[in-house]
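[1] Compute the structure for the input listed below.
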Amino acid sequence: MNVNTNDQQGLPTNYFHHQLPNGIEMIGQYMPSLSSTTFGFQLDAAVINEPEDKLGLAHLFEYMLFQGTKKRDARSLNEEFETLGARKGASTGLENAQVWAQIVHTRFDPTLDLLHEVLLTPTFPRDELEQMRSIALQEIRRHDDEPMSRIFEHVRSNFYKGTSLGRLVLGTTESVRALQRKDLQDFWKARYQPNNVLFSIAGKFDWEHVVQKVQDLFGDWQGQASPSPAQKPDPKNTIFLEHQEGKQEHLALMVPFPDYTDPDYYAAMVISEVLGGNMASRLFVEVREKRGLVYGVSAGLSSNKAIGALRIYAGTTPEQGRECLEVVVNELRKLEQEGITADELERAKVQLKSENVMRGEGSGARMGAIARSWWYERKMKTIQDVKESIDAVTQEQILHVLHRYSLLSPLVVAGIGPLQQDELVGNTLSFS
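    As a prediction, the model looks like this:
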């Protein structure tokens, strides 16, 4: 098969793109030094695509997808993957889902045959449904017992309030118990359609052979998935507290920040790194080392197609909760007013570039990275692209970002612990 060379125009060396007539898009990064290949199918078949009254459906679907096809039951399917030495899996996020496999590059054809079975001929057997439902319910119970998991769900659900992005990914005990086999079948028919598919591959492969094989197996797949519902979050200053007696106070803060497609995204990465990305960060030094107020503190970015966010976590004690929140807010205020030093900028750049290189050494990481950048921006970012974007960040750009986005409004604060709002917040926040 001759792949249209027009598909490759404007792409970096060793990067590929092709679209099948039925709508499936294909992207790839050839990594000749590797012996492994990771490939996967990404679909808009996630939490925001669930019917309003079927919370937890996308997550249960992830478990059920590998539980049997028209040709094999779950045990036979697992044995086939193991015979090939293949790692396989599925993951479900708020906006998309992935089904993937990692193999020695010579096992691509038979492994793709198996994923073809999984994607196009799943049976969702009733006996396996009850077992998977039990596992999903155990996961919900475990999640409910872990304040560190719940605190992020609280801050996220309040940040995205009024949109599907604020939904419980796992669902509730009641909603998962009510899910039926027909719900899985309906979700599969609605969302698993070729116009909704991005095929991504990284590692060692022959691109023309990959395109031909995918065309042979998936070329006759027909159907149309409706566009994902648009999400328009409008965060407001919010304080949400879950009362729980004990010796811990968990805090999470979330504020709008540049998203993945924003020209200032890499400046936002630097700000996040300086604030709470490592053991030399401002929050770690000020909140933990100098004052001993926390046993854990961190900051990171969160992004989706609708909005980006800066997210902060601090784990402390009830006795120190108020001071901890005061110090975190003061550090945000100081950062907003003064920006960062030249030394902080350089150290953050070194750290971020090192992480980027280390993450990019495997086929799995690169498969996910190019799928992410294509899904967001319809382009594939090379490791060099990312390195250059990080290097280009200046102190002036940092100040520009901090003028575009206030770190203190709209601010969502969530807490889990014994403290009441006046005990925890006092007059730390102007809107409390």
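
[2] Arg87 against Gln102, yeah?
    Yes. The criterion here is Cβ atoms under 8 Å, and Arg87 meets it with Gln102 at 4.4 Å. C-betas here are computed from N, CA, C, even on glycine.

[3] For the two, work out which one has more neighbours and name it.
    The residue with more neighbours, out of Arg87 and Gln102, is Gln102; 21 against 15, by other Cβ atoms under 10 Å.

[4] That one in helix, strand or coil?
    Using DSSP: H, G, I helix; E, B strand; the rest coil, the structure places Gln102 in strand.

[5] show me the contacts for it.
    Counting by Cβ atoms under 8 Å, 6 or more residues apart in numbering, Gln102 touches Ser36, Thr37, Thr38, Ala86, Arg87, Lys88, Ser363, Gly364.

[6] hmm, 10 Å instead?
    Residues in contact with Gln102 (Cβ atoms under 10 Å, 6 or more residues apart in numbering) are 36-40, 85-89, 111, 202-203, 362-364, 367.

[7] out of those residues, which are buried?
    36-40, 86, 88, 111, 202-203, 362-364, 367 (16 or more other Cβ atoms under 10 Å).

[8] Okay, domains of the chain per the record?
    Per the record, the chain has its domains at 5-218, 238-424, by automatic domain parsing.

[9] tell me, how many neighbours does the closest residue to Ile383 other than its chain neighbours end up with?
    Leaving aside its sequence neighbours, Ile383 sits nearest to Gly360 (Cβ to Cβ, 6 or more residues apart in numbering; 4.6 Å). Gly360 has 19 neighbours, counted by other Cβ under 10 Å.

[10] Identify the residues contacting Gly360.
    Neighbours of Gly360 in contact, by Cβ under 10 Å, 6+ apart: Gln29, Met31, Ala202, Arg366, Ala369, Thr382, Ile383, Gln384, Val386, Lys387.

[11] Of these, which is the most crowded?
    The member of these that has the most neighbours, counting by other Cβ under 10 Å, is Ala202 with 30 neighbours.

[12] Who does it form a beta bridge with?
    Gln29, Thr38 (DSSP bridges).

[13] pretty sure it is touching Val210, no?
    No. Ala202 is beyond contact range of Val210, at 11.2 Å (criterion: Cβ atoms under 10 Å).

[14] Just checking the distance from the helix or strand containing Leu115 to the centre of its chain.
    Following DSSP states H and E, one finds Leu115 within helix 108-120. Distance of helix 108-120 from its chain centroid, counting by Cα atoms, centre = their mean, to the nearest Å, is 25 Å.

[15] What of stretch 138-145?
    Stretch 138-145 has its C-alpha centroid displaced from the chain centroid by 20 Å (Cα atoms, centre = their mean).

[16] Just the mean pLDDT for that stretch, thanks.
    For stretch 138-145, mean pLDDT is 96.

[17] tell me the contacts of the most centrally placed residue in the chain?
    Residue closest to the average C-alpha location in the chain (Cα atoms, centre = their mean): Gly93, at 6.0 Å. Neighbouring residues of Gly93 by Cβ under 10 Å, 6+ apart: Gln42, Ala46, Val47, Ile48, Ala58, Val169, Asn304.

[18] Same check on Val99?
    39-43, 45, 62, 65-66, 88-92, 115, 118-119, 192, 197.

[19] same check, this time on Met31
    14, 37-38, 105, 202-205, 360-363, 366-367.

[20] Over to Phe61?
    45-46, 50, 90, 92, 97, 122, 124, 132, 179, 183-184, 187-188, 191-192.

[21] Please apply the same query to Gln421.
    Contacts of Gln421 (Cβ under 10 Å, 6+ apart): Ile239, Phe240, Leu241, Val413, Gly415, Leu429, Ser432.

[22] 6 Å instead?
    Leu241 (Cβ atoms under 6 Å, 6 or more residues apart in numbering).

[23] what about it, distance to Arg150?
    Distance, Gln421 to Arg150, by Cβ to Cβ, to the nearest Å: 18 Å.

[24] And the residue lying closest to Leu115 once chain neighbours are set aside, how close does it get to His243?
    What sits nearest to Leu115 in space, not counting adjacent residues and going by Cβ to Cβ, 6+ apart, is Ala101, at 6.0 Å. With distances taken as Cβ to Cβ, Ala101 is found 45 Å from His243.

[25] Work out for me the element Met254 sits within.
    Counting by DSSP H and E, Met254 is part of strand 249-257.

[26] tell me what the next helix or strand after that strand is packed against?
    Downstream of strand 249-257, the first helix or strand assigned by DSSP H and E is helix 265-276. Here helix 265-276 touches helix 282-283, strand 296-303, helix 342-359, helix 395-404, going by 3 or more Cβ pairs under 6 Å, 6 or more residues apart in numbering; DSSP states H and E.

[27] hmm, try it at 8 Å
    Judged by 3 or more Cβ pairs under 8 Å, 6 or more residues apart in numbering; DSSP states H and E, the packing partners of helix 265-276 are strand 249-257, helix 282-283, strand 296-303, strand 308-316, helix 321-338, helix 342-359, helix 383-391, helix 395-404.

[28] Tell me if I'm right that Val169 and Val47 touch.
    Yes. Contact status for Val169 versus Val47: in contact at 5.5 Å, counting by Cβ under 8 Å.

[29] Could you report the pLDDT at Gly68?
    97.

[30] How about Leu352?
    96.

[31] Quick check: closest non-adjacent residue to it.
    Excluding its sequence neighbours, the residue lying closest to Leu352 (Cβ to Cβ, 6+ apart) is Ile390, at 5.2 Å.

[32] Please tell me how far that neighbour sits from Thr382.
    Ile390 is 13 Å from Thr382, by Cβ to Cβ.

[33] Now do the buried residues in the strand or helix carrying Ser76.
    Using DSSP H and E, Ser76 maps to helix 74-83. For helix 74-83, burial by neighbour count (16+ other Cβ under 10 Å) applies to Ala74, Leu77, Glu80, Phe81.

[34] can you check stretch 281-299 too?
    Ser281, Arg282, Leu283, Phe284, Glu286, Val287, Arg288, Leu293, Val294, Val297, Ser298, Ala299.
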